[in-house]
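In: turn this into a model:
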Amino acid sequence: MATHDKNTKGVQKELLRIIQSDALSDLLDEVVDRIGEIEEAHQQIRRLHELVKPLMPSDSEYNEKYWMAAYILYPKSSELLEKLRKFKETYLETLKLEKVIESHKEEKERLKSQTELLERERERIEQEIEETLGENLEQYLSCEGSELEDIIWRIMTDYYDEYYKKAEK
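Out: Predicted coordinates:
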């Protein structure tokens, strides 16, 4: 018994030290406030229990907590069900839109890759044209007068004739 009294006195001393601590003062006040809120909530639950108890059938398969929860939801249950329905619809529509966005992202990436390939091909063709013109330019510069016009005219005529033949096929 003496050991028990000694242990009790030791715990009391430590608790008193915590209560009187300036460093723990704010935290202690916060915990005291929370205890008060818990006590008030406990009283409210007891009152709710007393309200619901007469409404519970004796052969219910649900315990008192379910009946208390249903009583809390009862006044606004139809409004709540409508809001839950709208929430579900909104959620499902959001999922659909996110899938559409994702597919558009994939399509955008595919088109971007295709555009890059075409751009590289266009640059390659442009370089080939420049090389060809560069080679032909020396030949053009060696010609004089109407020979140059005839060569250019022949090149253009051949190009367009070939282009239109391919287009008609």
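In: do you know how far the most centrally placed residue in the chain is from residue 122?
Out: When Cα atoms, centre = their mean is applied to the chain, the residue found nearest the centroid is residue 98 (8.4 Å). Counting by Cβ to Cβ, to the nearest Å, the gap from residue 98 to residue 122 is 36 Å. For glycine as for every other residue, the C-beta is placed from the backbone atoms N, C-alpha and C.
In: still on that earlier bit, where does the residue nearest to the centre of the chain land in three-state SS?
Out: Under DSSP: H, G, I helix; E, B strand; the rest coil, the three-state class of residue 98 is helix.
In: name the residues of the helix or strand hosting residue 26 that come out as buried.
Out: Residue 26 is located in helix 25-52, with elements delineated by DSSP states H and E. Using 16 or more other Cβ atoms under 10 Å as the burial criterion, the residues of helix 25-52 that qualify are 48, 52.
In: show me what the helix or strand following that helix is packed up against.
Out: Per DSSP H and E, helix 25-52 leads on to helix 64-73 as the next helix or strand towards the C-terminus. Using 3 or more Cβ pairs under 8 Å, 6 or more residues apart in numbering; DSSP states H and E as the contact test, the elements touching helix 64-73 are helix 25-52.
In: I'd like the average pLDDT over the helix holding residue 26.
Out: Averaged across helix 25-52, pLDDT comes to 92.
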